[in-house]
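*Asks:* need coordinates for the below:
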Amino acid sequence: MSKARLVITAVVVEGRRVGEVSAAYGVARSWIYELLARYRAEGDAAFQPRSRRPHHQPRAIPTATAGLIIRLRRELTRQGLDAGAHTIAWHLAEQHQLTVSEATIWRTLQRAGLIIPEPKKKPKAAFICFAAEQPNEMWQTDFTHYRLTRPDGTPGADAEILTFLDDHSRYALSITCHQPVTGPAVVAAFRQTVADHGIPASVLSDNGMVFTTRFAGGRAGRDTINGFQSELRQLGVIQKHSRPNHPTTCGKVERFQQTLKKWLRAQPEQPQTLAELQALCDTFLAYYNTQRPHRSLNRRTPAAAYQARPKATPTGSTQAQPQARVRRDVVDTDGKLTLRHNGRLHHIGVGRTHARTPILMLINGYDIHIIHATTGEIIRDLILNPAVDYQTRGVRKPRKNPHRGSRCFLCLATSHCAPRGNRTPNPLIKSQLLCQLS
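*Replies:* Below you'll find the model as predicted:
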C-alpha cells in the first residue's frame with residue numbers, strides 16, 4: 001500500500017485529525033490537504049503516481065523547427081548524403097539561420113523514430129586517431145568495388161574505383177574507375193595526381209598487390225618491387241603500409257569510399273558503363289571537396305583545409321637510391337632466370353650448361369651479378385635493359401650449315417638456288433680458275 005493511500009485511509013475512514021496523521025507518518029500537512037482535495041475530485045485515481053514533467057518548457061524548440069529537422073533528415077538520406085545530427089545542425093545554421101544543438105537534434109530524431117540503434121558499434125574512444133600536420137604530408141590510397149547496372153536494371157559487371165586522399169585535409173585528390181585496377185593503372189593515376197597536386201612526402205596503403213609485393217609468394221616475392229613501388233622510390237616518397245587485417249589504419253580513405261558508394265547507390269540513374277560511373281564520381285568529387293563541410297575539419301570543406309597550409313614535400317629519403325638486394329634462385333632447364341623489375345618480368349639467359357644450378361643474384365638497380373651459390377663462380381654480369389623482355393648473353397650460335405646462303409664461286413648463285421648436282425658453272429669464272437691452277 002502506498003503512503004498516499006495510507007494517509008487518506010487514516011483521515012477519511014478512521015476519522016483521525018490531519019495534525020495527528022502528519023505527526024504519525026512524518027508528512028507535511030499541506031501535502032495531506034492537497035491529497036484530500038485530489039481524492040475528493042478524482043477518487044482512486046489520486047493514488048496513481050503522476051509525472052513530474054513541467055507543464056511548460058520555455059527552452060523547447062518550436063514545432064516548426066522540429067518538423068524542419070525531420071524533413072532535412074529525410075532529404076539528405078534520399079540524396080545519399082550524410083544526415084547525422086552534426087550535418088543537420090550545419091544545414092540549419094547555413095541555410096535557415098537557426099542554431100540548434102546536436103543533442104536536441106538527436107532527441108528530435110529519436111522521438112520521430114529515425115535513429116537506428118547500433119549497440120554493437122565500436123565506440124570512437126577505442127580508436128587511435130592520427131592526422132598529418134600538412135597537406136601532401138601523407139596520401140592514403142585504396143580501391144573499392146561498385147557493380148554496374150544492365151539496361152534491364154539487373155546487376156551488371158563489376159567495376160573498381162581507385163582513390164587518392166590527402167590525410168591532413170581529407171581532400172579527395174583523385175577518383176578513377178577501372179575494370180579492374182591493375183599495377184600500371186595505379187602508376188598512371190598516381191602520376192596524374194602528382195602532376196595536379198605535387199609530390200607527397202609519403203603514401204599509405206594496404207597490402208594489395210597493386211601497391212606492394214612484400215607479401216607476394218614465389219619468385220616474385222619480397223625481393224622484388226612493382227611499378228608503384230619503383231615510382232615512389234624514384235621520387236623519394238616514403239611508402240607506408242597498414243598491418244594485415246587492420247583496415248582502420250587507412251580509415252580515412254575507407255570512410256571516404258563508404259560515403260562515395262552511399263551517394264552512388266542513391267542516384268536515380270545507376271551507371272551502365274565505366275564512363276557513366278566516372279562521370280558520377282567526378283560530380284561527387286566536386287561536391288565533396290568544395291561544398292560538403294567535414295566534421296573533423298571544424299565544418300570546413302576539404303578544399304579550404306587543403307589550401308590553408310603550405311604543402312609538404314619529400315624529404316630526400318634513401319629509398320630514392322637504386323634497390324640493392326640479394327636473391328636466391330635456380331636456373332631452369334632452358335638455362336634461364338626470371339627477374340621482376342619495375343613491375344615487369346624479364347628473362348635472363350645464362351646457358352643450358354648451367355641448368356638446375358643454384359645461384360645468387362646480386363642486384364643493384366640495373367647492375368646484376370649472377371654467381372654460383374656453392375662455388376662462388378661468376379656465371380654472368382649484365383646491365384639490365386628495362387625495355388627488353390629477354391636479356392640475351394650476346395653469343396651467336398654457329399650455323400648448322402655454313403654453306404647455306406653463301407654464293408657459289410662457279411655459278412655466282414647461292415648454294416640453295418638449284419638442286420645439288422644440277423648447278424650450271426659460269427664459263428668465265430671456270431676458265432679463270434683453271435688458268436690459275438695451271
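
*Asks:* and the helices in the chain, which stretches?
*Replies:* 3-8, 18-25, 29-42, 63-78, 85-95, 102-111, 183-197, 227-235, 251-265, 274-290, 302-308, 427-437 (DSSP state H).

*Asks:* those: lowest mean pLDDT?
*Replies:* Note on the helices of the chain: helix 427-437 shows the lowest mean pLDDT, a mean of 48.

*Asks:* the helices of the chain into CSV, with extra columns for mean neighbour count?
*Replies:* In short, each C-beta sits where N, CA and C put it, glycine included. Output for those, formatted as CSV (neighbours: other Cβ atoms under 10 Å):
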stretch, mean neighbour count
helix 3-8, 17
helix 18-25, 14
helix 29-42, 14
helix 63-78, 15
helix 85-95, 17
helix 102-111, 16
helix 183-197, 17
helix 227-235, 20
helix 251-265, 17
helix 274-290, 16
helix 302-308, 18
helix 427-437, 10
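
*Asks:* need the ones you listed in JSON lines with distance to Arg243, can you?
*Replies:* Formatted as JSON lines, the helices of the chain follow (distance: least, Cβ to Cβ, whole Å):
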{"stretch": "helix 3-8", "distance to Arg243": "63"}
{"stretch": "helix 18-25", "distance to Arg243": "68"}
{"stretch": "helix 29-42", "distance to Arg243": "66"}
{"stretch": "helix 63-78", "distance to Arg243": "35"}
{"stretch": "helix 85-95", "distance to Arg243": "31"}
{"stretch": "helix 102-111", "distance to Arg243": "34"}
{"stretch": "helix 183-197", "distance to Arg243": "21"}
{"stretch": "helix 227-235", "distance to Arg243": "18"}
{"stretch": "helix 251-265", "distance to Arg243": "13"}
{"stretch": "helix 274-290", "distance to Arg243": "28"}
{"stretch": "helix 302-308", "distance to Arg243": "27"}
{"stretch": "helix 427-437", "distance to Arg243": "82"}
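
*Asks:* out of these, which comes closest to Ile371?
*Replies:* Among the helices of the chain, the nearest to Ile371 by Cβ to Cβ is helix 227-235 (24.8 Å).

*Asks:* let me know the distance separating Asp158 from Tyr146.
*Replies:* 8 Å (Cβ to Cβ, to the nearest Å).

*Asks:* also Lys311?
*Replies:* 30 Å.

*Asks:* before we move on, back to that, of the helices of the chain, which approaches Ile368 most closely?
*Replies:* helix 227-235 (15.7 Å).

*Asks:* identify the residue spatially nearest to the residue nearest the centre of the chain, adjacent ones excluded.
*Replies:* With distances taken as Cα atoms, centre = their mean, Asp142 lies nearest the centre of the chain, 1.8 Å away. Closest residue to Asp142 apart from its sequence neighbours, by Cβ to Cβ, 6 or more residues apart in numbering: Val253 at 4.7 Å.

*Asks:* more neighbours, Asp158 and Tyr146?
*Replies:* Tyr146 (19 against 11; other Cβ atoms under 10 Å).

*Asks:* wait, the more buried one touches Trp263, no?
*Replies:* No - the pair Tyr146 / Trp263 is not scored as a contact, 11.1 Å apart, by Cβ atoms under 8 Å.

*Asks:* among the helices of the chain, which is nearest Asp167?
*Replies:* Closest among the helices of the chain, using Cβ to Cβ: helix 251-265, at 6.1 Å.

*Asks:* can you list contacts of the closest one?
*Replies:* 79-82, 127, 140-142, 144, 146, 161, 163, 165, 167, 170, 172, 175, 247-248, 271, 277, 280-281, 284, 288 (Cβ atoms under 8 Å, 6 or more residues apart in numbering).

*Asks:* about what we covered before: for His346, find the nearest of the helices of the chain.
*Replies:* helix 227-235 (13.4 Å).

*Asks:* quick one: work out the angle between the closest one and helix 183-197.
*Replies:* Here helix 227-235 runs at an angle of 40 degrees relative to helix 183-197 (axes from the mean of the first three to the mean of the last three Cα atoms, to 10 degrees).

*Asks:* which other helices and strands contact helix 227-235?
*Replies:* helix 183-197, strand 238-241 (3 or more Cβ pairs under 8 Å, 6 or more residues apart in numbering; DSSP states H and E).

*Asks:* can you give me how far the first one is from the chain middle?
*Replies:* What separates the centre of helix 183-197 from the centre of its chain is 15 Å, taken as Cα atoms, centre = their mean, to the nearest Å.

*Asks:* picking that back up, dump the helices and strands packed on helix 227-235 to a markdown table, plus distance to Tyr390.
*Replies:* Shown next, in a markdown table, are the helices and strands packed on helix 227-235 (distance: least, Cβ to Cβ, whole Å):
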| stretch | distance to Tyr390 |
| --- | --- |
| helix 183-197 | 21 |
| strand 238-241 | 30 |
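
*Asks:* I'd like to know which of those is closest to His354.
*Replies:* helix 183-197 (31.0 Å).

*Asks:* what's stretch 60-74 in contact with?
*Replies:* 83, 88, 91-92, 96, 98, 100, 104-105, 108-109, 112, 114.

*Asks:* Ala324: neighbour count?
*Replies:* Around Ala324 there are 10 residues (other Cβ under 10 Å).

*Asks:* confirm for me that Gln229 is in contact with Thr213.
*Replies:* Yes - using Cβ under 8 Å, Gln229 is in contact with Thr213, at 7.1 Å.

*Asks:* now Ile32: closest residue in space that isn't a chain neighbour?
*Replies:* Per Cβ to Cβ, 6+ apart, closest to Ile32 is Val18, 5.2 Å.

*Asks:* do Thr149 as well
*Replies:* Gln270 (4.0 Å).

*Asks:* ok, now which ones touch the closest residue to Asp381 other than its chain neighbours?
*Replies:* The spatial neighbour of Asp381 that comes closest, neighbours along the chain excluded (Cβ to Cβ, 6+ apart), is His369 at 5.3 Å. By Cβ under 8 Å, 6+ apart, the contact set of His369 is Met361, Leu362, Ile378, Arg380, Asp381.

*Asks:* brilliant, that's me finished.
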